[in-house]
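Participant: sequence unknown, structure follows:
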Ligand SMILES: C[S@@+](CC[C@H](N)C(=O)[O-])C[C@H]1O[C@@H](n2cnc3c(N)ncnc32)[C@H](O)[C@@H]1O
């Protein structure tokens, strides 16, 4: 049995500054958030959904779950006691939706620039247009509506401004641009089949794309939506995942703990930071142990050693970045996670980041050449050893510390401007987004503070 990966793994890691986007509009597109909430409560349990799915599959899928609603949206609950290690549900591949379900006459017109997520989104759009005549109607009608989507692609400019300190801000912009690019490539094809799609707008496509991204798993067919399994919510500490059994042609979830009747059943979507959860799934956790922060450096253009440092850093550790306007610059983005302890033998901040700081603070070509020779004599990695000159080592780490200190004060400012008093008040869309912005920024601030404490401790130990 193979673990099924959330598609986020493929899209976001290894992460650079890039990504996807897009949307989908339907007859529900104009429904306000509150109206759609009411609609959902009415259909909270998706009555008849499981019997319908079992009839379609021709086999029993689960005798231990029921569909309900919790603070996390639609959810699966134990209908009776479930023991750790026992099967929760088994969904045959035959009742999963994949890009293979695209009509052949449409599929043949799609070029390589249309990815699997966009293809699967196109399947959803066609089924949605089919309304009650769709063979997937009971499933499609249970999916979240446009007004309920919370991923940052749906945030207004003002809302995005709340998280401008985080790399997710830039990623959201790039992701939406990429989704729009795919939509524009797809649109002429969709327009050839008005009976299948109607007049699809970008918002429709973005909606469908985000539904796929937040609910599909990687499969032998690219990506698949797995009805019922996709009603399971994420717990960062859960061990259960969706497993694929190619031989039996089923996806299965095994309980990682004992559940009493009525308990919500959890799985993990993966080891995702709040930034990724927000970008791809539209939620955050109050304390996420997988949070991370991107530290980005650029060599000052006035540095007399700019060319030499650029060449070295590009060769050894810094990728070339292309900014939003298409200008290339040498810089680098390093990911840091929480440093558990500021003292002792803790792993500290990444060696690659410290190496880059050492290169950046060199003031002569001789110093840089010496670093290259030293790397060649050892494991080939540039700047991994502390400077023999302690002042220089302090200088490199001081530079990092002041960069991180500046970030800390920017994060503090952003958190303050959220208005701490109002964060935990209210359930409306704006309050929910404010709370998520707070979780994101507070988590990233915690990491920056841990890095700062580690750097201070290292510098004072020199
Ligand atoms: C795979 S679906 C799970 C079913 C979903 N609750 C529904 O209503 O259809 C993933 C979505 O569930 C919600 N979700 C999952 N885990 C969550 C959590 N721990 N906290 C808040 N929302 C969560 C998010 O909206 C996410 O995009």
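Facilitator: Received it, and whenever you're ready, just let me know what you need. Values in this document were obtained by computation on a predicted structure and should not be read as measured data. Numbers count the residues shown, from 1 in each chain.

Participant: what's near enough to touch residue 275?
Facilitator: 166, 167, 168, 171, 291, 292, 440, 444 (Cβ atoms under 8 Å, 6 or more residues apart in numbering). Using the backbone N, CA and C atoms, a C-beta is placed for each residue, glycine as well.

Participant: got it, and residue 217?
Facilitator: Listed by Cβ under 8 Å, 6+ apart, the contact partners of residue 217 are 4, 5, 6, 7, 223, 224, 226, 229, 242, 244, 251.

Participant: swap in 7 Å and give it another go.
Facilitator: By Cβ atoms under 7 Å, 6 or more residues apart in numbering, residue 217 lies in contact with 4, 5, 6, 223, 224, 226, 242.

Participant: residue 115 now?
Facilitator: Residues touching residue 115, when contacts are defined by Cβ under 7 Å, 6+ apart, comprise residue 182.

Participant: next one: the one 10 residues further on
Facilitator: Applying Cβ under 7 Å, 6+ apart, one finds that residue 125 lies in contact with 24, 197, 200, 204, 208.

Participant: so which of those residues are also by the ligand?
Facilitator: Contacts with the ligand within the contacts of residue 125, counted by Cβ under 6 Å from any ligand atom: none were found.

Participant: residue 226 is in contact with residue 95, isn't it?
Facilitator: No - taking Cβ atoms under 7 Å as the definition, residue 226 is not a contact partner of residue 95, at 8.5 Å.

Participant: who has more neighbours out of those two?
Facilitator: Between residue 226 and residue 95, counting by other Cβ atoms under 10 Å, residue 226 is the more crowded of the two (26 against 23).

Participant: what's the spacing between that one and residue 59?
Facilitator: Summarising the geometry, the distance separating residue 226 from residue 59, computed by Cβ to Cβ, to the nearest Å, is 15 Å.

Participant: and if you look at residue 453?
Facilitator: Distance, residue 453 to residue 59, by Cβ to Cβ: 55 Å.

Participant: do residue 333 as well
Facilitator: Going from residue 333 to residue 59 by Cβ to Cβ gives 48 Å.

Participant: if we can go back for a sec, closest to residue 380 out of the contacts of residue 217?
Facilitator: In terms of Cβ to Cβ, no member of these lies closer to residue 380 than residue 5, at 32.0 Å.

Participant: give the burial count for the closest residue to the closest one other than its chain neighbours, as a bare number.
Facilitator: Of all residues not flanking residue 5 in the chain, residue 218 sits nearest, at 4.3 Å (Cβ to Cβ, 6 or more residues apart in numbering). Residue 218 has 20 neighbours, counted by other Cβ under 10 Å.

Participant: still on that earlier bit, out of the contacts of residue 275, which are inside strands?
Facilitator: Among these, the residues falling in strands (DSSP state E) are residue 292.

Participant: what's the neighbour count on the closest residue to residue 239 other than its chain neighbours?
Facilitator: Spatial nearest neighbour of residue 239, chain neighbours left out: residue 256 (3.8 Å); criterion: Cβ to Cβ, 6+ apart. By the criterion of other Cβ under 10 Å, residue 256 has 19 neighbours.

Participant: residue 256 touches residue 240, doesn't it?
Facilitator: Yes - with contact defined as Cβ under 7 Å, residue 256 and residue 240 form a contacting pair (4.2 Å).

Participant: and the stretch 101-250 of the chain, which residues reach the ligand?
Facilitator: Contact residues (Cβ under 6 Å from any ligand atom) of the stretch 101-250 of the chain with the ligand: 144, 214, 215, 230, 231, 233, 234.
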